[in-house]
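> below are the sequence and a predicted model for it; my questions follow.
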Amino acid sequence: VSTVLVEKKQTDRDLQLVGTAQASKEVNVASESGGKIVEVHFKMGDYVTKGQLLAKIDDTYKRLAYETAKVSYEKCKDDYNRNISLHQGEAISDTQLRDIKMAFENASIQLENAKKQWDDTKITAPFSGYITAQNTELGAYVNPGTVIAGIADISELKVILDVSESNAYELREGQQVNIIADVNTEANFSGKVSNIS
């Protein structure tokens, strides 16, 4: 009888599984404002960069509201600065200065709100990728939350696969894997296990 010492070893057994490749990031881009689409700057299959203008909603009323808020803000700012000097010379009371300061702060908030609403009429790409869906056309009316496009980032892919319970224990996060695509069996890709659930 011959014996050997027990030791841990990595087995040479390969595990071959079938999976589906998906974009690393994929999102539906929705409108944050309501109105008529007056510009569309994309079509199916286009590559877009982060921050690129995809579409624009009629912004006439939002722009006018912003300009009105800006005029009001500038007036309140001038009033406040002028009344600080008056308060230092004791020409106005603390209460009067407080009221003017509150009006200035309120005008500042209204300006910020008007700017945000105006900016929301411009729909931009949240990240770089390819247009996978076009759900709007020039002249269409959209509501807040209406999906206008789909974008997928395929600069990195993730492969989703089902693993049997008996094989799941052979995998670990960070483990290196080789990937072969059916469409091109000559090309080999490498990756790593990012998540097991």
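Done, it's in. Remember, predicted model here, so these are calculated numbers, not experimental data. Numbering: from 1, shown residues only.
> all helices of the protein, in order?
Secondary structure of the chain (DSSP state H): helices at 60-88, 94-119, 165-168.
> restricting to C-alpha, output the last one in CSV.
Going back to what we said before, that points to helix 165-168. What follows is helix 165-168, C-alpha atoms only, in CSV (Å, rounded to 0.1, in the frame of the first residue of the first chain):
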residue,chain,number,x,y,z
GLU,A,165,-26.0,24.1,-8.4
SER,A,166,-23.3,21.5,-8.6
ASN,A,167,-21.1,23.8,-10.8
ALA,A,168,-21.8,27.0,-8.9
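> average pLDDT for it?
The pLDDT scores in helix 165-168 average 80.
> kindly list the longest strand within the protein.
In the chain, assigned by DSSP state E, the strand with the most residues is strand 147-161.
> what lines up beside it in the sheet?
With DSSP bridges as the test, strand 147-161 is paired with strand 19-30 (antiparallel), strand 129-134 (antiparallel).
> give me the buried positions along that strand.
Buried residues in strand 147-161, counted by 16 or more other CB atoms under 10 Å: 148-153, 159. (C-beta placed from N, C-alpha, C; glycine too.)
> ok, now stretch 133-150?
So for stretch 133-150, counting by 16+ other CB under 10 Å, buried means 134, 136, 142, 146, 148-150.
> among the helices of the chain, which is nearest residue 3?
helix 165-168 (29.4 Å; CB to CB).
> including pLDDT and distance to residue 96, could the buried residues of strand 147-161 go into TSV?
Output for the buried residues of strand 147-161, formatted as TSV (pLDDT from 0 to 100; distance: CB to CB, whole Å):
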residue	pLDDT	distance to residue 96
148	96	50
149	96	53
150	96	56
151	96	53
152	95	59
153	93	56
159	88	69
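> residue 14: which of these is nearest?
So of those, ranked by how close each gets to residue 14 (CB to CB), first place is residue 159, at 16.2 Å.
> is that closest one in contact with residue 191, as I believe?
Yes - using CB atoms under 8 Å, residue 159 is in contact with residue 191, at 7.0 Å.
> returning to what we had before: closest to residue 93 out of the buried residues of stretch 133-150?
Minimum distance to residue 93 across the buried residues of stretch 133-150 is 50.7 Å, recorded for residue 142 (CB to CB).
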